[in-house]
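Undergrad: Sequence first, predicted model second:
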Amino acid sequence: MKNIGLICSFLCVSFVGLAQNTPYSVQMAESLMHTHQDSIQVKLGKPANWDYEQGVFLKALEWVYQRTGDAKYFTYIQKNINSFISPSGDIRTYKASEFNSDNITTGRALLFLYQELNTEKYKKAADLLMKQISTQPRTKQGGFWHKDRYPDQMWLDGLYMLEPFYAEYGKITGQDYWSDIVMQFQLMEKGAFDAKTGLLYHAYDHERKQPWANKSTGQSPNFWGRSMGWYMMALVDVLDYMPQNHPKRSILVNQLAKLSAALLKIQDEKTGLWYQVPNFPGRKGNYFEASCANMFVYAMAKGIRKGYLPQNYSAKVSKAYDSILKNFITKDAQGFIHIEKTVSVGGLGGEPYRDGSYEYYLSEPLKTDDLKGAGPFIMASLEIEIAKELAIGKGKKVVLDYYFNHEYKVAKSGKKEFNHFYTWDERKDRGYSLFATQLEQMGLKTDSLSVAPTLENLKNANIYIIVDPDNLKESPTPNYVQAKDIDEIEKWVKQGGNLILLANDTTNCEIPKFNELAKRFGIEFVGPNLNFVQGTQWEQGAVYIPEANPIFAPLKKIYVKEITQLKLSKTAKSVLNIKDAVVMAVAQVGKGKVVALGDPWIYNEYLNNRRTPLEFENFKAAKKLIEYLLKQ
């Protein structure tokens, strides 16, 4: 028993020590996963149901996973969702007949898993939710009812519950729902907007039938912090999926800008926080509420990062976040953090009847670790953590070749069918989507080049990546590297461009002509391949990193299987070896650098650690490589 006590004490001390250097986003994620180990119980002591609070938390975990490359967050999401989804795509405890917009929120986790795994049951379950949207009751103007039991009412909350899923589903399936989505925001703002303050009332009743509704405007009696937080989060999340050139994009950006400006006007000057009923600062009973502050910080910080909001908002957003840490975050004896002072609920109508009065909003109890506060805290923390690294790549661009790597086959119909290997948007194993997220979080822009490279079309690129050029096996009409391509790329590198050359094993990559480009910089891809891995013998794919490595220190090892060796000349120098064989090299060429590796390497399978153990530091190494190339 004494030994067990010592072990527990050691683990607690270890966790506390670790937490001191661990981002708050990760600390909160770990705390909630510890609390909800088997399933997410929104109402503790009651069975877990399909619920929007679970959806908010899972979306936050998705982003922690993308930020860290730690597959335990993915596993947690999948385990939770699998407990609700049958093999045929039915959703346990979900009732479509309720037409409850809250039930749509967790569908975002279905879309995430479907894109990552291509498992059909997730798509079928998402289709059920989309069927609800297609039949959701509407006001006479076309606005979605919040729920079937709240007829003719639009609530700010409902825009977050429904629209981000609606937008992403349309993007995935290639369907254009944008006119309807934008209309929902327009109707909501029109019905809830207060011209005097610029704030939005919690809800409005289109028919003016509810006792809480203003008989002239239909608006509810008061502003509620969290409802505006939901609305702001809906805006910034929906914009993630909206085409940059969409003619109605500015409508949503302008809504975000107006509401952000109005909220900053009533931000408490001393603390940087907001009151539960935000337009009554200091009134008896009013208090600073956690969830709305987390939501405002998340939405505004993301809005600043994406360019929707002015940079000079950053100081006020940072002040709010610092005050969240000071006023709402506590730590228990085990070292787990918790978030206090999240109001449990806020609604209108129902039984017992909620009249929307000032007194009503102050009557609802406060909770610790309520997911409506904790999920947005993780999101806000991620944005603050990302903001600290944006200067690394500010104003710089990474371009990925889609010309030499453009695999396709001709179907029986005569139509080209493309294999989206090593592309920015591909979420499955052979895609570069996780790497693209890393780059965005370092402040870099990503782009692709679908034509032959020239000095002119590379002039705005700081890094140009060519990966796995096609051979005849992969494309009936491959674009081989030509002498003029080599000349143009060399000019660009000498002027300060950074070139990354990523080959593949010789059966899956065009090597001879690709080598003509590599040899221009003193590098040649040669056989035989190394690091053949049998089953799950992961150590067979290990590449160890020397202590003083100029690119990857202080990392210890990465995983690369079936890697092509390199032969070096000119100014090229080895970066990584497997025994005496060079497998990664760098060459200084004029003002630029060339890095070569005999594997596509930075694709999702290598970065997400869902198969390989976390001791392989590919995720961190990819980031280190970009930081190295930008330091000149």
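TA: All right, it came through fine. Numbers count the residues shown, from 1 in each chain.
Undergrad: hey, let's count contacts and neighbours off CA atoms from now on
TA: Noted.
Undergrad: Tell me how many other residues crowd Val398.
TA: 23 (other Cα atoms under 10 Å).
Undergrad: Centre of the chain to the strand or helix carrying it, how far?
TA: In this assignment (DSSP states H and E), Val398 forms part of strand 397-401. With Cα atoms, centre = their mean, to the nearest Å as the basis, strand 397-401 stands 20 Å off its chain's centre.
Undergrad: can you check stretch 577-597 too?
TA: 32 Å.
Undergrad: Residues contacting that stretch, please?
TA: 493-503, 518, 521-523, 543-544, 563-568, 571-576, 598, 629 (Cα atoms under 8 Å, 6 or more residues apart in numbering).
Undergrad: Quick one: buried ones out of these?
TA: 493, 496-503, 518, 521-523, 543-544, 563-568, 572-576, 598, 629 (16 or more other Cα atoms under 10 Å).
Undergrad: from those, which ones fall inside strands?
TA: Per DSSP state E, strands hold the following members of the buried ones among the contacts of stretch 577-597: 498-502, 523, 543-544, 563-568, 573-576.
Undergrad: In which helix or strand does Val526 reside?
TA: strand 523-530.
Undergrad: For that strand, which strands pair with it and how are they oriented?
TA: Here strand 523-530 is paired, per DSSP bridges, with strand 563-568 (antiparallel).
Undergrad: So, low pLDDT: which residues of the stretch 301-450 of the chain?
TA: Along the stretch 301-450 of the chain, the parts satisfying pLDDT under 70 run over 410, 412.
Undergrad: those strands in it, which residues are they?
TA: Assigned by DSSP state E, counting those that start in this stretch, the strands in the stretch 301-450 of the chain fall at 329-331, 337-339, 342-343, 366-367, 397-401, 408-410, 416-418, 445-449.
Undergrad: Return the most buried member of these.
TA: strand 342-343 (a mean of 24; mean count of other Cα atoms under 10 Å).
Undergrad: That one - contacts with which helices or strands?
TA: helix 290-306, strand 366-367 (3 or more Cα pairs under 8 Å, 6 or more residues apart in numbering; DSSP states H and E).
Undergrad: same for the longest one, what does it pack against?
TA: Counting by 3+ Cα pairs under 8 Å, 6+ apart, the packing neighbours recorded for helix 290-306 are helix 225-239, helix 314-328, strand 342-343, helix 371-387.
Undergrad: Next, format those as JSON lines and append distance to Glu207.
TA: Formatted as JSON lines, the helices and strands packed on helix 290-306 follow (distance: least, Cα to Cα, whole Å):
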{"stretch": "helix 225-239", "distance to Glu207": "21"}
{"stretch": "helix 314-328", "distance to Glu207": "38"}
{"stretch": "strand 342-343", "distance to Glu207": "29"}
{"stretch": "helix 371-387", "distance to Glu207": "30"}
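Undergrad: Tell me which of these lies nearest to Phe57.
TA: Ranking these by proximity to Phe57 (Cα to Cα) places helix 371-387 first, at 4.6 Å.
Undergrad: packing partners for the closest one?
TA: helix 24-35, helix 52-68, helix 290-306, helix 314-328.
Undergrad: Can you give me the neighbour number for Lys561?
TA: By other Cα under 10 Å, 21 other residues sit near Lys561.
Undergrad: Doesn't it belong to a helix?
TA: No. Counting by DSSP: H, G, I helix; E, B strand; the rest coil, Lys561 is located in no helix; its state is coil.
Undergrad: That one: what's it in contact with?
TA: Contacts of Lys561 (Cα under 8 Å, 6+ apart): Leu530, Asn531, Phe532, Val533, Gln540, Gly541, Ala542, Asp599.
Undergrad: Let me have the residues you listed in JSON lines, extended by pLDDT and neighbour count.
TA: Shown next, in JSON lines, are the contacts of Lys561 (pLDDT from 0 to 100; neighbours: other Cα atoms under 10 Å):
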{"residue": "Leu530", "pLDDT": "95", "neighbour count": "19"}
{"residue": "Asn531", "pLDDT": "96", "neighbour count": "18"}
{"residue": "Phe532", "pLDDT": "96", "neighbour count": "14"}
{"residue": "Val533", "pLDDT": "96", "neighbour count": "15"}
{"residue": "Gln540", "pLDDT": "97", "neighbour count": "17"}
{"residue": "Gly541", "pLDDT": "97", "neighbour count": "22"}
{"residue": "Ala542", "pLDDT": "97", "neighbour count": "17"}
{"residue": "Asp599", "pLDDT": "96", "neighbour count": "23"}
